[in-house]
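In: coordinates for the following, if possible.
(chains A, B and C)
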Amino acid sequence: MAITIRDLALALDARAWGDVDLSVTGAAEPQAAGPVGPQGGVIALAMASKYAETLRPGSMAILAEGMDPQAFGLKAAIFAPRPRLLMAGLTRAFDPGPGIAAGIHPAAVIDASARIGPGAAIAPFAVIGPDVRIGENARIGPHVSVGRGTVLGDDVLLHAGVRIAHGVTAGHRLIVQPGAVIGGDGFSFVTPEESGIEEIRRTLGRRDGIRQQHWTRIHSLGGVEIGDDVEIGANATIDRGTIRATRIGNGTKIDNLVMLAHNVVVGDDCLLCSQVGIAGSSRVGNRVVLAGQVGVNDNIEIGDDVIAGGASKIFTRVPSGRVILGNPAVKMETQMEIQKATRRLPRVAQQLAKLQETVTRLLEKG
Amino acid sequence: MAITIRDLALALDARAWGDVDLSVTGAAEPQAAGPVGPQGGVIALAMASKYAETLRPGSMAILAEGMDPQAFGLKAAIFAPRPRLLMAGLTRAFDPGPGIAAGIHPAAVIDASARIGPGAAIAPFAVIGPDVRIGENARIGPHVSVGRGTVLGDDVLLHAGVRIAHGVTAGHRLIVQPGAVIGGDGFSFVTPEESGIEEIRRTLGRRDGIRQQHWTRIHSLGGVEIGDDVEIGANATIDRGTIRATRIGNGTKIDNLVMLAHNVVVGDDCLLCSQVGIAGSSRVGNRVVLAGQVGVNDNIEIGDDVIAGGASKIFTRVPSGRVILGNPAVKMETQMEIQKATRRLPRVAQQLAKLQETVTRLLEKG
Amino acid sequence: MAITIRDLALALDARAWGDVDLSVTGAAEPQAAGPVGPQGGVIALAMASKYAETLRPGSMAILAEGMDPQAFGLKAAIFAPRPRLLMAGLTRAFDPGPGIAAGIHPAAVIDASARIGPGAAIAPFAVIGPDVRIGENARIGPHVSVGRGTVLGDDVLLHAGVRIAHGVTAGHRLIVQPGAVIGGDGFSFVTPEESGIEEIRRTLGRRDGIRQQHWTRIHSLGGVEIGDDVEIGANATIDRGTIRATRIGNGTKIDNLVMLAHNVVVGDDCLLCSQVGIAGSSRVGNRVVLAGQVGVNDNIEIGDDVIAGGASKIFTRVPSGRVILGNPAVKMETQMEIQKATRRLPRVAQQLAKLQETVTRLLEKG
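Out: Numbering: from 1, shown residues only, chains lettered A, B, ... in the order given. Next up, the predicted model:
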């Protein structure tokens, strides 16, 4: 993979400077990039000034607008108007990908009734079940399994060891990282008599009727429906619905070890960061961002454009546009005040005790 | 799969109404079910009144006791005395399951010394180790591995990519969702000298002796012992014990991404919801419910019938029957009071400051 | 596996007592060990006095220094100067391991360009990609995949279903528990315009510009670099770096279901307990211990020798040597004071209200 500075700038919709015929073979931090040879080499990423300081003369670099390539002694440069956005194009250009060999490996087991579009690369020991339909240009890693009747769009990339159960549908450009499980059974059990959980929900915490209870399984007949342009992280788990499907909207990105329970509905363009857990039947709007380790109670509604800070625990409905934090999660500014007051709490208790003494003395005097 | 209204009602131990010879081929929410043809079709689930409102004339439905099928214009109905319980029977009746083909696939690798009961369905690329014993009617998905000497009962269902290590025993009707790991090594390390953790447990937080420390591994010789009727969720991990086995009692259900560390003992009929973590050597009683993201410290004892709310963090012993919440977890009603008081905390601080001023003025006046 | 008391004591660098020619075939708790025959048998672990009380005459035991083997009627004993350390040697001696058969199983798929050192044991359905290099005595379980160009040292043990992606390097004696994923893509996305997250970081929580936003992917070109003597737990996930590698130092141990995001750097000899999550680009020093369910915000620095208690949530830089707890994490002693004061909070509010009344009365009187 090599591309000239000129073509790379074009691809990135950015401005080039200097010897634009030099070849770029990769990107690295300035220390690892260094000066390049007469043909070119690795381009240094120096959009932040702390990185720019470590640039060495004779290198090629990507700079923020306003930086001076001549002052750094560069041979060539590309100017990034919005550095993180440029990173998207740049890293896409140089990503070699998982390298699944073209064609269907003879050690894959594909049911005769499965229909797979042209251009597929399927690795050894993949298992594709009956009546599966997969679009064009699928890349399917080793030890992937796809269950009966599942339907996937074009350009899907399923990394090693992904498990997609039966009756799942997903759109185009789905990416699933290694070990993720889509369509496991929901965790849904019922006792013949009222259970302890039902009791405390009714009594708000009081237990009168502790007794033996065995759990009977509610099976999951619903599948999972996934939109276009969704990504699901390593070892994440998305359970199937009970009657209707668990649903993930277009453009939503889900990180490693995230749990979506049965019947959960997540909207479009959300970011669910690592280790987030959303309990059964909760609904999340569009463009919602849940930071790492956020928990969402069951049967909760979270509006559009909500942002929840790291490790927030959400027990109640959240209106659209709200920024929340804490356990239990409240408005971020309220949480900040609570935290400040909590830190002062031991002092407040002392002040109160002292004031009580003073007032007691006043009373005695009066 | 089709069954008459009459037979379905019989199977569910419920009362039928209307044209009981109609066939039921599945269940759905009222919008997705709709009116049925002369032979029958999909039955609508309308046990809650908000769902019943969307019933269309000419459909079949499952109703709560007291609802009027004629008012909805239904062709047939089944009355559910306890709706969630009826869901168990109904979904079991219509669950097509993962569809593992009968017999042992030629691409499975089964050690010659393994003994597998009659009726097994074993998918491609399963690996069954030496001296394994598995009961009757096992269903084993693709990419499952079962280690040397492990013993499983009848009617087990191991979904795709389940990893059961050597020396594990489990009873009948075990269900393991995709990607779960049973019998990984415990996380147990020791330093030649006292470690920082041992120091702060002794000094309650003070560090005097910070020094180099390398971790030496304590191997896990114990296995995992699992009772009857246990279910383990997708990508959950159950570590083996150090000397004695890690144990899970009869009827206990474990959700996705749960972690049980070495030597943990969980009793009968517990529910451990998603992302729960229980640290080494802790003991959990019978009929305990831990909601999502609950954490349990190591070497803790949790009594029978305890219920812990979402994201509770349990650092100390919990007596039987208690309902707890929060970090650190305390009685739920205490936690509710603490939360209420915490929300008022910024105001309390203001009131205190004002009161201090008043008293100061009083003192000056006096 | 059988070893005389004499040789076992030598191996453990401990003192033997009694009939040192007896054979030890395993270790167990005193109840499960019991009296031994004339050749020997299972040795009882009785280093804690509560275990020693259950010793039966005629057995062999490992005792703490100062215990009297004659008083217990033992046939032989080994004295442990530091019991937990002795457990390391003892359990290593008797661990049968996962039992991967020697040699390369014919159902493994190994690319012709991969170079694997002598002494390898590779299980069925393992997949080793192009240009992989693995040192001597590798043990590789079923359904393991190792991606293109990855380099592993000597004596690695990869349990069933481990996924190592392309471009990963690791040192000697790496142990990876079942289902762990090393080198999944980082969770890194950017919007063409400023995103809601960027906005609230700038405004500290205020949202002015809610609008449509689609996420563009930043690909992960960096790999993962892992030192010597590292262990990684079941179903843990270690993401690859964006430009430079995600790094794990020598001797660091990582438990089940831990998440290390892209660009994270963890030092030497750390313990990261189960379900810990470390967000992108954070740096953790040497000998750091993070207890279960700890969360670390992105771009945070944690100094050497820090210890964080269970479920601590770390939002800001932590200086070296600090012991922290809570959400947000603060010094452990501060947290203890806060917790004490918080429990008293409802009472404090009552006292304040009463005092206000008193002062009001004083004012009226005055």
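In: can you give me the end-to-end distance of stretch A:63-74?
Out: 11 Å (C-alpha to C-alpha, to the nearest Å).
In: which regions of chain A lie under the pLDDT threshold?
Out: Applying pLDDT under 70 to chain A flags the ranges A:1, A:208-209, A:366.
In: could you chop it up by domain?
Out: Per the record, chain A has its domains at A:3-94, A:103-183+A:222-330, A:186-219, by automatic domain parsing.
In: tell me which of those domains sits most buried.
Out: domain A:103-183+A:222-330 (a mean of 24; mean count of other C-beta atoms under 10 Å in any protein chain shown). (Each C-beta comes from the backbone N, C-alpha and C, glycine too.)
In: need the distance between the two termini of that domain.
Out: 52 Å.
In: coming back round to it: reformat the domains of chain A as a markdown table; add distance to B:Phe72.
Out: Formatted as a markdown table, the domains of chain A follow (distance: least, C-beta to C-beta, whole Å):
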| stretch | distance to B:Phe72 |
| --- | --- |
| domain A:3-94 | 53 |
| domain A:103-183+A:222-330 | 19 |
| domain A:186-219 | 24 |
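In: for those, which one sits closest to B:Asp269?
Out: domain A:186-219 (5.8 Å; C-beta to C-beta).
In: does that closest one reach chain C?
Out: No: contact of domain A:186-219 with chain C (C-beta under 8 Å from any C-beta of the partner chain) is absent, the minimum separation being 15.8 Å.
In: stretch A:289-298 now?
Out: Yes: using C-beta under 8 Å from any C-beta, stretch A:289-298 comes into contact with chain C via A:Val289, A:Ala291, A:Gly292, A:Gln293.
In: is any part of that stretch close to chain B?
Out: Yes: contact of stretch A:289-298 with chain B (C-beta under 8 Å from any C-beta) involves A:Gln293, A:Gly295, A:Asn297.
In: for those, which one is nearest C:Asp131?
Out: For the residues of stretch A:289-298 next to chain B, the nearest to C:Asp131 is A:Gln293 (37.0 Å; C-beta to C-beta).
In: I'd guessed the closest one sits against A:Ala311; true?
Out: Yes: judged on C-beta atoms under 8 Å, A:Gln293 makes contact with A:Ala311 at a distance of 4.4 Å.
In: hey, what's in contact with both of the two?
Out: C:Gly295, C:Lys313 (C-beta atoms under 8 Å, 6 or more residues apart in numbering or on different chains).
In: give me every residue that touches the closest residue to A:Ser23 other than its chain neighbours.
Out: Leaving aside its sequence neighbours, A:Ser23 sits nearest to A:Gly40 (C-beta to C-beta, 6 or more residues apart in numbering or on different chains; 3.5 Å). A:Gly40 sits next to A:Ala2, A:Thr4, A:Ile5, A:Leu22, A:Ser23, A:Val24, A:Thr25, A:Met60, A:Ala76 when contact means C-beta under 8 Å, 6+ apart.
In: how much space between A:Leu85 and C:Glu194?
Out: 10 Å (C-beta to C-beta, to the nearest Å).
In: and if you look at A:Asp68?
Out: Counting by C-beta to C-beta, the gap from A:Asp68 to C:Glu194 is 26 Å.
In: kindly indicate which of the residues of stretch A:289-298 next to chain B lies nearest B:Arg15.
Out: Nearest to B:Arg15 among the residues of stretch A:289-298 next to chain B, with distances taken as C-beta to C-beta, is A:Asn297, at 34.8 Å.
In: starting at the chain centroid, how far to the longest helix seen in chain A?
Out: Longest helix of chain A, by residue count under DSSP state H: helix A:345-365. Helix A:345-365 sits 51 Å away from the centroid of its parent chain (C-alpha atoms, centre = their mean, to the nearest Å).
In: same check on stretch A:172-185?
Out: 12 Å.
In: what's in contact with stretch A:49-57?
Out: Contacts of stretch A:49-57 (C-beta under 8 Å, 6+ apart): A:29-31, A:34-35, A:44-46, A:61, A:63-64, A:67, A:72-74.
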